[in-house]
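[1] Okay, structure incoming, though there's no sequence with it:
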């Protein structure tokens, strides 16, 4: 892990490999280790970056609400700091990482060579979901990360994963407990306030891949199919047997899909 000062926050970033830049953006309230199988696979052929977003993992926590735009700005500054901006970035975000990817697209589309959206949605929160995020932020500040473990952990994986790969749940719980209460609350408020990105879908200027889990309870595959339908030339894939955490639950299948997509991209000259 390397540590870099990005926008006044000490960010921890896993950086491995050489070649075209590939940035993995984790979900809420997790850290970069959710991408462990992808880092190991793709760092053989690509310049892989997997940051702990501010407030998560071993990164520092900023002040105020952690908006999706703030996270996107961090990623753009990170790319610039490492001299990657001119090389064309493939950005791969899951769940909250997808929300961040949309804000990156909104502000930094010229930096993108490819976009991978996993288990996420382009729409803003419905009123009920938004209110739940506000309540979660308040409770986490009062009681700590235990609240989010109980609320979210049962929803993250499929029954098949729960049965056959209990270690996946153990790893997710460890990540959640490792997040700071300030980071969890700040990101929950940031997600609640994120704008609707549906209008961006038709304007995505780079090749896009959308990956869903067959049994995802949080971002149903039917909703992700509808999102994908609005993206020109998109590749859409559903991973059988997976829930919300497709890269962890079905790493071999996920990696095969992602590798095929990456190989289809024209590398940007450096």
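    Received the coordinates, thanks. Quick caveat: nothing in here was measured; it's all calculated off a predicted structure. Numbering: from 1, shown residues only.
[2] so residue 212 sits in a helix?
    No - looking at residue 212 with DSSP: H, G, I helix; E, B strand; the rest coil, it is strand, so not inside a helix.
[3] which ones are touching it?
    The contact partners of residue 212, by CB atoms under 8 Å, 6 or more residues apart in numbering, come to 118-119, 219-221, 224-225, 236-239, 246. Glycine gets a C-beta too; all of them are placed from N, C-alpha and C.
[4] Any quick PyMOL command for the buried ones out of those residues?
    Applied in PyMOL, the following selects the buried portion of these according to 16 or more other CB atoms under 10 Å:
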select buried, resi 118+119+219+220+221+224+236+237+238+239+246
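[5] Tell me the one among the contacts of residue 212 nearest to residue 36.
    residue 246 (13.7 Å; CB to CB).
[6] ok, now how distant is that closest one from residue 37?
    Applying CB to CB, to the nearest Å, the value for residue 246 to residue 37 is 11 Å.
[7] next one: residue 80
    Applying CB to CB, the value for residue 80 to residue 37 is 28 Å.
[8] do the same with residue 259
    Residue 259 sits 12 Å away from residue 37, taking CB to CB as the criterion.
[9] repeat for residue 4
    From residue 4 to residue 37 the distance is 24 Å (CB to CB).
[10] again with residue 78
    Relative to residue 37, and taking CB to CB, residue 78 is found at 22 Å.
[11] Who has more neighbours out of the two?
    Shown here are residue 78 and residue 37; by other CB atoms under 10 Å, residue 78 has more neighbours (20 against 15).
[12] OK, contacts around the more buried one?
    Residues in contact with residue 78 (CB under 8 Å, 6+ apart) are 4, 6, 11, 13, 23, 49, 51.
[13] what helix or strand does the fifth one sit in?
    Spelled out, that is residue 23. According to DSSP states H and E, residue 23 maps onto strand 21-25.
[14] That strand pairs with which strands, and in what direction?
    Paired neighbours of strand 21-25 in the sheet (DSSP bridges): strand 47-51 (parallel), strand 89-94 (parallel).
[15] which sections of the stretch 51-200 of the chain are below the confidence cut-off?
    Low-confidence segments of the stretch 51-200 of the chain, defined by pLDDT under 70, span residues 86.
[16] Now do the helices in the protein.
    In the chain, the helices defined using DSSP state H lie at 36-42, 68-81, 96-108, 127-143, 146-152, 159-164, 166-178, 181-192, 221-229, 246-249, 251-263.
[17] now those as CSV including distance to residue 198?
    As requested, these are exported to CSV (distance: least, CB to CB, whole Å):
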stretch, distance to residue 198
helix 36-42, 27
helix 68-81, 15
helix 96-108, 9
helix 127-143, 16
helix 146-152, 25
helix 159-164, 30
helix 166-178, 29
helix 181-192, 16
helix 221-229, 8
helix 246-249, 22
helix 251-263, 23
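[18] hey, which of those helices is tucked in deepest?
    Sort the helices of the chain by mean neighbour count, taking mean count of other CB atoms under 10 Å, and helix 246-249 sits at the top with a mean of 26.
[19] Could you list every helix and strand in contact with that one?
    Secondary-structure packing of helix 246-249 (3 or more CB pairs under 8 Å, 6 or more residues apart in numbering; DSSP states H and E): helix 36-42, helix 166-178, strand 208-213.
[20] which one of these lies closest to residue 65?
    helix 166-178 (20.0 Å).
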